[in-house]
Structures are given as structure tokens and as C-alpha cells.
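[1] Based on what follows, work out the 3D shape:
(2 chains)
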Amino acid sequence: MSEDNQGDLWEVFIQPKPGRPHKHAGSLHAYDKEMAMKSARDLYTRRQEGVGIWIVKAEEIISSQPDDSESFFDPANDKIYRHPTFYKLPEGAKHI
Amino acid sequence: MNTNLYTYCLRLADNGLILSHRIAEYCSAGPQLEEDLAITNVGLDLLGQAESFLKYAAEIKGGGITEDDLAYKRKEKDFLCVHLTEIPNFDYAYIMARQFLMDAFNFYLYSKLVNSKDDIIAGISAKAIKEVTYHLSRSSDWIVRLGQGTQESHQRIQTAFDELWMFTDELFESDEIEKSLEKEGIGVDSSTLKKDWQMKINEVFSLAGINVPKIEKHSLQYGKFGLHTEYLGYLLAEMQHIPLLYPDAKW
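    Predicted coordinates:
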């Protein structure tokens, strides 16, 4: 077998409990949606890790580029006023 | 001892035990990592079902024997698995064809056994049917995927079914034990499962573009009556090797 014929790469997201957000669990190779779903079940939920599965083709994910890090993320570094802890709450304020 | 029930439990157990051992032989040799783990999961499910039935059989037999005694200390002629479970892993097409034929059989079998008047058989079956429903869905997918895949995958899966077809006859072979247990509402007469099984096979084969082979009786002797293919002895030699060498080993 010279070429890689293990199918497309898919990313798997597992929901640990009802109502909780799906979290990235890992990836897998599969030829079609059905196989991706069954392989995800077999690979990532065999130890009761979850009650829900989302799968997306890796190529469909739009990802930020490491080269963009400076312009994307660094500008947030000195904006501490964006954190709620920056502000002093008036005494007696409730439910904030 | 209830001999009929004991024999029946061994038949149920041995189908799972021997097929699970065949699958275990394939562990780490799957066509890809995902499939390797997936089919091993199926094998472990089958082993769990077999263990439950062997435990029950040991209880029926009494005298302090355990499920391990039944798995590791019985001789070839005392095993009651069907020939289909004994067939070696010739290639991936054979593995999936064998699995699909057994999954479909197990699905209709456990669908009925969940209603058994025997609480233990009903209980084991209630757990098993969930597992087997998944197994059947999984192997059905693979039959269609291989049948509709490349020219080579199509030809290989068709060849596997052509070669394995003669072993399907035994699945529906019945005897007095099954008939009497069916009458009591405890077991299932295997011959009653054929119609549903055949319909499922036809449905998946038609999706996969696979021809249903013509059935030929291959033998007057069947594994479920204790007469086996030449393959089983070698399988048991390997499966029972450690317990025979170290009979009292604990782990």
C-alpha cells in the first residue's frame, strides 16, 4: 500500500453529560459519515466518556494561523479593564 | 441437572466465546487503528455474553465448577459452537462477512430471548441485545461499504460470502432440546429465525450489490452437536494453552 487510503480526517467532540458543552476529544480517519460516527463511538466513548457526539471534517474547520498570533492575540495583553475584576464594586451592590 | 438448559447455555456461550477468540487473534492487525479498536470492542462484548452464559451453565451443572473450567478445560467435542464461528481470519472480507452473518443471527435470537421465562437468560439477553444491535449496524455498514467500494473490495466480499455461505445452514438447524425449550418459553427453536435473518441478509446484500449465494448443505454434522471443523482444535490449543500449563494460576 503506497498511498494513504485511510479516508478523510475528522475531528470528534464529546459531550460528557446532558446539557454540558461538547469538548474536543481527538480525531480519526473514516471513509464516510456513518463510519466516522461509529468509529467515534468506539474510540472515544468506550469508557463512558460521553452521552453525545459531534463530528466535523477536519478540512471544514476554519482555524486561526500561528503567524497571525501577534496581531490577533497580543493586543489583548494590556487591556486588563476587560476583566470584571478590574472594577471595584460599590459597597452593597448585590447579584453582580 | 437440567441437561437441556445446560446444553442450550453452552451453545449460546460457545458461539460468543469462539467468535470472540477469533476476533482477539486479529487484535493489532486491523486495516487501520480505528477499525482495530472497533472490532476488538465487538469481541469483548461477545466474550462478556459468553462469560455470563458459561457462569449460568456452571451453576446448572453444579459441583463447584466455574465458567473458567468450562472455557478452558473442556475438550473439543464438548464445545457446541457453530462452524461459522470457527472459520479463520483469512482476510478482512472474511472477518466482516462472518461477523455480519453471525450478528444478524444473534440479533434475531436475542430479540426473542429477552422474553425468555428463564430470568437469567432474559437478563443476559437484555444486555446482549443492546450490544448486538450495534454490532449488526456496524457490520451492515461494512458490507455495503465493501460491496460498493472498489472493484477489488467488491470481489473480495462477494468471494467471502460465497465461501462462508455453506456454514449458514447450521445456524437454523434445530433439535429436540431447542424445540422443547421453545415450548417451555425458555429458549428459541433456531429454525424459526431463518425468515427474518434471510430478509435482513437480502436487504443488506441488495444495498451492497452482492449476490445471495445458493445454499448447499455441506455436512450432516454440526458444531452445535459437538462435531467441528478442522480449525477448532488449533484454536482451542492456543486458547487453552496457559490454563493447561498452569492450571491454578491466579491473576
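[2] How about the longest helix anywhere in chain A and chain B, touching?
    Scanning chain A for the helix with the most residues, using DSSP state H, yields helix A:33-44. Yes. Helix A:33-44 is in contact with chain B by CB under 8 Å from any CB of the partner chain, via A:34, A:35, A:38, A:39, A:41, A:42, A:43. Backbone N, C-alpha and C define where each C-beta goes, glycine included.
[3] The last one reaches residue A:10, doesn't it?
    The one in question is residue A:43. No. Using CB atoms under 8 Å, residue A:43 is not in contact with residue A:10, being 10.7 Å away.
[4] So in chain A, where's the weakest helix or strand by average pLDDT?
    helix A:69-72 (a mean of 90; mean pLDDT, DSSP states H and E).
[5] got a list of contacts for it?
    residue A:64 (CB atoms under 8 Å, 6 or more residues apart in numbering or on different chains).
[6] could you dump it to CSV, C-alpha only?
    The C-alpha trace of helix A:69-72 is given here as CSV (Å, rounded to 0.1, in the frame of the first residue of the first chain):
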residue,chain,number,x,y,z
SER,A,69,-0.7,35.5,16.7
GLU,A,70,0.9,38.9,17.2
SER,A,71,-1.9,40.8,15.6
PHE,A,72,-4.7,38.5,16.8
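[7] chain center to it, what's the gap?
    Computed by CA atoms, centre = their mean, to the nearest Å, the separation of helix A:69-72 from the middle of its chain amounts to 20 Å.
[8] and what of stretch B:27-35?
    That offset, for stretch B:27-35, works out to 21 Å (CA atoms, centre = their mean).
[9] Equivalent analysis for stretch B:45-54, please.
    On CA atoms, centre = their mean, the centre of stretch B:45-54 falls 11 Å from the chain's centre.
[10] what does stretch B:57-70 give?
    On CA atoms, centre = their mean, the centre of stretch B:57-70 falls 21 Å from the chain's centre.
[11] Give me the buried stretch members for that stretch, please.
    Neighbour counts over stretch B:57-70 (16 or more other CB atoms under 10 Å in any protein chain shown) mark B:57, B:58, B:60, B:61, B:67, B:70 as buried.
[12] Quick check: residues of chain B near chain A?
    B:32, B:33, B:34, B:35, B:37, B:38, B:41, B:134, B:137, B:138, B:141, B:145.
[13] looking at it, the third one is touching residue A:28, isn't it?
    So the one you mean is residue B:34. Yes. Shown here, residue B:34 and residue A:28 form a contact pair, counting by CB under 8 Å, at 5.1 Å.
[14] For the two, list the residues in contact with both.
    A:39, A:43.
[15] Surely residue B:144 is in a helix?
    Yes. The assignment for residue B:144 is a helix, going by DSSP: H, G, I helix; E, B strand; the rest coil.
[16] what's near enough to touch it?
    For residue B:144, counting by CB under 8 Å, 6+ apart, the contacting residues are B:204, B:207, B:208.
[17] Then residue B:184?
    residue B:117.
[18] What separation do you get for the residue nearest to residue A:40 when sequence neighbours are not counted and residue B:30?
    Nearest residue to residue A:40, sequence neighbours excluded (CB to CB, 6 or more residues apart in numbering or on different chains): residue A:12, at 4.5 Å. Distance check for residue A:12 against residue B:30: by CB to CB, to the nearest Å, it reads 18 Å.
[19] ok, now residue B:218?
    29 Å.
[20] So the residue nearest the centre of chain A, which state does it fall into?
    What sits nearest the mean C-alpha location of chain A, by CA atoms, centre = their mean, is residue A:24, with 4.2 Å. Secondary structure assignment for residue A:24 (three-state DSSP): strand.
[21] in the sheet, who's paired with the closest residue to it other than its chain neighbours?
    Among residues not flanking residue A:24 along the chain, residue A:13 sits closest, at 5.5 Å (CB to CB, 6+ apart). For residue A:13, the beta-bridge partners are residue A:24, residue A:54 (DSSP bridges).
[22] How about the contacts made by residue A:13?
    With CB under 8 Å, 6+ apart, residue A:13 has these contacts: A:22, A:23, A:24, A:25, A:53, A:54, A:55, A:56.
[23] closest to chain B among these?
    residue A:55 (12.4 Å; CB to the nearest CB).
[24] ok, the closest one - contacts?
    A:10, A:11, A:12, A:13, A:33, A:36, A:37, A:40.
[25] 10 Å instead?
    Under the criterion of CB atoms under 10 Å, 6 or more residues apart in numbering or on different chains, the neighbours of residue A:55 are A:10-13, A:22, A:27-28, A:30, A:33, A:36-37, A:39-40, A:44.
[26] Which pLDDT does the model give it?
    We have a pLDDT of 98 for residue A:55.
[27] Great, nothing more from me.
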